[in-house]
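K.L.:
pasting the structure only:
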């Protein structure tokens, strides 16, 4: 008996430009191969996707469109024409970018990473907000099944749009099995990024407003004013980029708040591993993969108690309200509880592997196919 055919729409996944959702899907795809999933999978992706993700190219079949898909309007057009034609005869089409095209195969699984626009509409420009308000509710309604990275997002969808939980599934994030194996050496990182022998805190996040860089920068001038303590900020340029740079100057933190831009996985792993703690004061996360990466690498986590983060961190890190008084003594607490937090983190991170993520995804695929066979 032949395997059910699944097409995965990743035209939205422009390498290096879509944040954590890119790593989420890449790790899932590798996981599907790792567990020898019982589906015949084909990925439809932007031009050069295979070059950016050679491990995926070795794991699943990839069909690239002759366009980079950096323009959203063009990408949407391609989904409704080129992709619709290519996926017409698949048993199921998995759309990973949070919305469904208007045309194409009606047998669908829709992944929604978050619904931040419902909580913080002010962080979206008018055009994108209008697009999301129009497309997300209709996509949820039309999808055969919906996948989310956490129960938090799943429940948010149900509260916003109703009657979603009965056909929605949590597909957790998963870390690759070799995370940290090729981590860059600490001495090299300290030399390259001019960190000297300073104590290091790691904050990997694009400079979007909801990531809340301002909160941790102000801590550096308050209870964390130790001049031998440096904050390493990795990540691309977001909508709050100018504001973050201005704050660093205004607060006199040029020597202590170190911006290093995007880094590769090896540097990321090495920087997290050498850090005293990973700090994550985000106001909204659909999941928050960096906190699990830190746990897997043996680095304690200090995170906000917002959105999905309490669900993801559990009791394996410090989960605190976004108040300076709550964070003031957290570094001392991490120091006192270091061995305990590392052990808890390693145990917790074992629940978030690429294989387990792929297993969750297979459950969602099976459920969608069962509903389709039942004539939903």
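P.N.:
That came through fine. Computed from a prediction, not measured in an experiment: that's the story for all the values here.
K.L.:
Scan this structure for its longest helix.
P.N.:
helix 354-373 (DSSP state H).
K.L.:
Give the other helices and strands that it contacts.
P.N.:
Here helix 354-373 touches helix 20-34, strand 92-95, strand 108-111, strand 145-148, strand 168-170, going by 3 or more Cβ pairs under 8 Å, 6 or more residues apart in numbering; DSSP states H and E. Every C-beta, even on glycine, is put in place using the N, C-alpha and C of the backbone.
K.L.:
Out of those, which gets nearest to residue 333?
P.N.:
Between residue 333 and these, the shortest separation by Cβ to Cβ is 26.9 Å, and it involves helix 20-34.
K.L.:
Could you list the paired strands of the following helix or strand past the closest one along with their orientation?
P.N.:
Remark: after helix 20-34, the chain's next helix or strand is strand 40-45, criterion DSSP states H and E. Applying DSSP bridges, strand 40-45 is found paired with strand 5-9 (parallel), strand 61-64 (parallel).
K.L.:
Of those, flag the one that's most buried.
P.N.:
Looking across those with neighbours counted as mean count of other Cβ atoms under 10 Å, the highest average goes to strand 5-9: a mean of 24.
K.L.:
chain center to that strand: distance?
P.N.:
Per Cα atoms, centre = their mean, to the nearest Å, the displacement of strand 5-9 from the mean C-alpha position of its chain is 21 Å.
K.L.:
Adjust the sequence numbering to begin at 38 for everything that follows.
P.N.:
Taking 38 as the first residue, the last one we looked at is strand 42-46.
K.L.:
Please enumerate residues in contact with that strand?
P.N.:
62, 66, 76-81, 116, 120, 123-124, 126-134, 138, 142, 402 (Cβ atoms under 8 Å, 6 or more residues apart in numbering).
K.L.:
mind redoing it with 7 Å?
P.N.:
76-81, 116, 120, 124, 127-133, 402 (Cβ atoms under 7 Å, 6 or more residues apart in numbering).
K.L.:
how about low-confidence regions in the stretch 38-187 of the chain?
P.N.:
Filtered on pLDDT under 70, the stretch 38-187 of the chain yields the residue ranges 38.
K.L.:
how about the helices and strands packed on helix 391-410, which one is nearest residue 395?
P.N.:
Between the helices and strands packed on helix 391-410, helix 57-71 lies closest to residue 395; by Cβ to Cβ that is 3.1 Å.
K.L.:
contact partners of that closest one?
P.N.:
Residues contacting helix 57-71 (Cβ under 7 Å, 6+ apart): 47, 50, 52, 78, 80, 90, 92-93, 96-97, 133, 150, 186, 210-213, 326, 391-392, 394-395, 398.
K.L.:
Now residue 311: closest residue in space, sequence neighbours ignored.
P.N.:
residue 223 (4.6 Å; Cβ to Cβ, 6 or more residues apart in numbering).
K.L.:
No further queries at this time; thank you.
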